[in-house]
Each structure stands twice: as C-alpha cells, then as structure tokens.
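> what follows is a protein structure lacking sequence information:
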Ligand SMILES: [Zn+2]
C-alpha cells in the first residue's frame, strides 16, 4: 500500500461579481402568513450604478405582489423583502 500526502487549500467566500454569477433575486414575503410572491431576477450589470438601478427595478416588480396578496388577506399588513446575493468560493493559501 502506497502512502500519499495531500495539500489542503484554504478557500475564501466572497461576493460573486463574475459575469457568469448567479443572478441577484428579490421577492416579497408576507410577515403574517409567510406566503411569498414570485422571485424576480435582477438584470446583471457590469457597473455598480447600473446594478443598483437594475436591483431597484427588480424590487419594484417584486413589490407588485403585495397589493395582490392584500386583496385576499386585507389584515396582513407586514411584509419583508427577501434578497438572494451570489457568492463564490475562491482559492486562497495552501496549508
Ligand atoms: Zn399573508
């Protein structure tokens, strides 16, 4: 039986800004009954200002679910915005 040595590498979790990243998504959720509206993908932008504008547009679209939910549940007044943010593991130092 041969003996093997393996080197281990540390990985760091960082916000993913690569072009192939997962999209940032938004959804509104009712804080009373936990029902949530559809997940809305934000368009990817290569610059920070463009990304902020795309995120705001996606948040506004996600918020359109609130009045729809309120028609069925007029007593549900508290909601929360759910956001998904892409992260990636990047290789760091060898141990
Ligand atoms: Zn509700």
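Arrived safely, thanks for sending. Please read all numbers here as calculations on a predicted model, not as lab measurements.
> near the ion, which residues of this protein?
30, 32-33, 73, 76 (C-beta under 5 Å from the ion). For the C-beta atoms, the positions are set from N, CA and C on the backbone; glycine is no exception.
> now do the strands in the chain.
Counting by DSSP state E, the chain has strands at residues 9-15, 25-30, 40-41, 79-84, 87-94.
> of those, give the one that comes closest to residue 3.
Nearest to residue 3, of all the strands of the chain, is strand 87-94, at 19.7 Å by C-beta to C-beta.
> show me where this structure dips below the pLDDT cut-off.
Scanning the chain with the threshold set as pLDDT under 70 gives 1.
> geometric centre of it: which residue is closest?
To find the centre residue of the chain, average its C-alpha atoms and take the closest one (C-alpha atoms, centre = their mean): that gives residue 84, at 1.2 Å.
> quick one: end-to-end length of stretch 23-38, please.
Between the start and the finish of stretch 23-38 there is a gap of 15 Å, counting by C-alpha to C-alpha, to the nearest Å.
> which outside residues touch it?
Defining contact as C-beta atoms under 8 Å, 6 or more residues apart in numbering, one finds that stretch 23-38 is touched by 39-42, 44, 51, 55, 58-59, 61-66, 68-69, 73, 75-86.
> any of those buried? List them.
When the contacts of stretch 23-38 are checked for burial by 16 or more other C-beta atoms under 10 Å, the buried set is 40, 42, 44, 51, 55, 58-59, 61-63, 65, 69, 79.
> ok, back up a step: let me have the strands of the chain in JSON lines, extended by distance to residue 3.
Rendered in JSON lines, the data for these read as follows (distance: least, C-beta to C-beta, whole Å):
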{"stretch": "strand 9-15", "distance to residue 3": "21"}
{"stretch": "strand 25-30", "distance to residue 3": "48"}
{"stretch": "strand 40-41", "distance to residue 3": "50"}
{"stretch": "strand 79-84", "distance to residue 3": "44"}
{"stretch": "strand 87-94", "distance to residue 3": "20"}
